[in-house]
Structure formats: C-alpha cells, structure tokens
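S.K.: Everything below, folded, please.
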Amino acid sequence: MHADQIAFVTANTALAPVAFVPEIRLRQADEPIGLWELSEGEYHSDQPPPFWAFAWAGGQALARYLLDNPDTVAGRRVLDVATGSGLVAIAAARAGAVHVRAVDIDPLAVAAVGCNAEANAVSVEGVVADVIDGDGAGFDVVLAGDAFYSKAMSDRMTDFLRRVARRGGRVFAGDPERKFLRRELFALAATYEVPVPRVLEGVRVRRTSVWELPGRSGQPERQGR
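M.R.: Numbers count the residues shown, from 1 in each chain. Got it, this is the predicted structure:
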C-alpha cells in the first residue's frame with residue numbers, strides 16, 4: 001500500500017460498525033457522490049461509486065452468512081474477489097480461514113482492505129489484481145459479494161466462478177437481486193433483509209441472498225461429507 005492511498009482512504013471515511021454485521025467495523029464514506037467525483041469521475045451504472053467506501057448489501061449478507069456459518073471457511077484458504085472494502089474477507093478471517101486473500105483492480109480498495117483488516121485485528125492479504133480469467137487455483141473457497149452489477153462484469157464473474165466450481169472449489173456469492181445474476185446456476189443458501197444507504201440503493205432495506213454454485217458433482221458440497 002502506498003502512503004498517499006492510505007491517506008486518501010482515511011481522509012474520506014470514518015470507522016463505523018457495519019449495519020448488518022456490527023461485529024465488523026469499516027472505514028465508510030458518508031456521501032457517495034462527492035467521493036465518486038474525487039476518486040473516479042462521472043457516475044454511471046456499469047461502474048458504481050467506489051466499492052471500498054461502503055458496506056454494500058451483497059457483501060453484508062455474505063459476511064453475515066460466514067460469521068453465522070463459520071464451518072464454510074474455517075481451516076480453509078479463501079479468495080475474496082472484487083473485494084471492495086474487504087468486508088467479506090474480514091468476515092472469512094474472523095470465521096477461522098487459515099489464509100485470506102482479497103483482490104481488487106482498484107489500488108484504493110486494497111488500501112482500504114489494509115486499513116479495515118487492521119481495525120478488526122485480522123490478517124488479510126490485499127492484492128491489486130484481476131484474477132477472474134483464471135480458476136482461483138490454490139484456494140478452497142472463493143467469495144464474491146456485489147459482483148453482478150453490470151452484464152459485462154456478471155458474464156466474466158460467472159465464467160470465473162464456474163471454473164472454480166468445476167475444479168472442486170466452493171463458491172459463494174452475495175447479491176441483492178441484481179438482474180444480471182444467473183440465479184438458475186446457483187443454489188440458495190440464505191436470504192436476509194439488509195439495511196442499505198438510501199442514497200445508493202433508493203431504499204433503506206434490500207432483500208439480499210447468499211448463493212452457492214454447485215461443484216463437480218452438480219450439487220453444492222455440504223459440510224460433513
């Protein structure tokens with residue numbers, strides 16, 4: 001992490017509990033559009049405001065699921081893709097994963113991951129990378145929260161997650177009913193009513209689900225097998 005990136009993250013956010021996962025604190029922005037203008041520019045639907053500055057619904061749901069079902073990741077090597085703030089990665093670390101890597105193409109996101117992991121006293125390896133042309137080799141569990149916000153991103157992410165599942169990795173995704181998630185490919189693991197910033201979502205609560213992608217057997221792997 002570069003010092004100027006850390007300084008930008010800390011100057012534009014404040015440490016606060018996550019609404020649906022209060023066990024975890026994140027550096028979060030109060031006002032999304034102003035921060036968007038500082039970090040990227042014009043807002044448009046294919047690329048939302050900086051993921052790293054907000055606790056988005058899919059990430060909150062997936063983090064809640066991991067903390068409530070720690071056997072999903074305990075003792076495993078975990079990859080969190082398009083990590084944003086690192087919320088899901090931090091939850092995996094708290095749930096007992098032996099190693100957690102959080103990847104994002106935005107260097108500011110990786111800076112935020114470092115700040116947030118330190119604030120929660122967990123170890124998360126933050127990496128600036130685009131890994132979704134591969135198959136997540138070396139990781140037992142791959143996590144994706146809020147990664148289906150555009151058709152282009154959803155298509156790439158879905159292909160990646162299917163490759164992970166085909167090689168035997170477990171795959172979990174958190175999604176607040178975005179239209180681009182191919183639900184027919186997944187098995188429903190849990191559904192929550194997640195508090196969200198009205199300025200980002202247009203509502204105060206969004207119905208959000210955690211999905212597991214079936215593996216080589218065609219069915220989600222169950223704990224205890």
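
S.K.: For Val122, which non-adjacent residue is closest in space?
M.R.: Counting by CB to CB, 6 or more residues apart in numbering, Val122 lies nearest to Ala93, which is 3.9 Å off, once chain neighbours are set aside. Any C-beta I mention is one placed from the backbone N, CA and C, and that applies to glycine too.

S.K.: Quick check: the one you found touching Ala117?
M.R.: Yes: the pair Ala93 / Ala117 is scored as a contact, 7.3 Å apart, by CB atoms under 8 Å.

S.K.: can you list residues touching both of the two?
M.R.: Jointly contacting Ala93 and Ala117 under the rule CB atoms under 8 Å, 6 or more residues apart in numbering are 123-124.

S.K.: out of the two, which sits in the busier spot?
M.R.: Set Ala93 next to Ala117 and count neighbours by other CB atoms under 10 Å: Ala93 wins out with 25 against 20.

S.K.: low-scoring stretches of the chain, by residue?
M.R.: Scanning the chain for pLDDT under 70 picks out 1, 31-49, 216-225.

S.K.: And the helices in the chain?
M.R.: Taking DSSP state H as the test, the helices found in the chain are 3-11, 32-39, 57-68, 87-94, 107-119, 151-166, 198-201.

S.K.: list the buried ones in the fifth one?
M.R.: What that stands for is helix 107-119. For helix 107-119, burial by neighbour count (16 or more other CB atoms under 10 Å) applies to 108-117.

S.K.: ok, how many other residues are close to the closest residue in space to Arg94 that isn't next to it in sequence?
M.R.: Once flanking residues are discounted, Arg94 sits nearest to Val122: 5.9 Å by CB to CB, 6+ apart. Here the count is done by other CB under 10 Å, and Val122 has 19 residues near it.

S.K.: likewise the one 3 residues further on?
M.R.: Taking other CB under 10 Å as the criterion, the count of residues near Glu125 is 16.

S.K.: for it, which residues make a bridge with it?
M.R.: Residues in a beta bridge with Glu125, per DSSP bridges, are Arg101.

S.K.: check contacts around it.
M.R.: Contact analysis of Glu125 by CB under 8 Å, 6+ apart lists 99-102.

S.K.: quick one: Ile105 and Ala7, what's the gap?
M.R.: For Ile105, the distance to Ala7 equals 21 Å [CB to CB, to the nearest Å].

S.K.: With Arg183 instead?
M.R.: Distance of Arg183 to Ala7, given as CB to CB: 41 Å.

S.K.: do the same with Val124
M.R.: Val124 is 20 Å from Ala7, by CB to CB.

S.K.: And Arg101, by the same measure?
M.R.: Taking CB to CB as the measure, Arg101 falls 24 Å from Ala7.

S.K.: One more: Ala137?
M.R.: Distance from Ala137 to Ala7, counting by CB to CB: 35 Å.

S.K.: Now the most centrally placed residue in the chain: closest residue in space that isn't a chain neighbour?
M.R.: With distances taken as CA atoms, centre = their mean, Gly145 lies nearest the centre of the chain, 3.5 Å away. In space, and not counting its chain neighbours, Gly145 is closest to Gly59: 3.5 Å by CB to CB, 6+ apart.

S.K.: Done for today, thanks.
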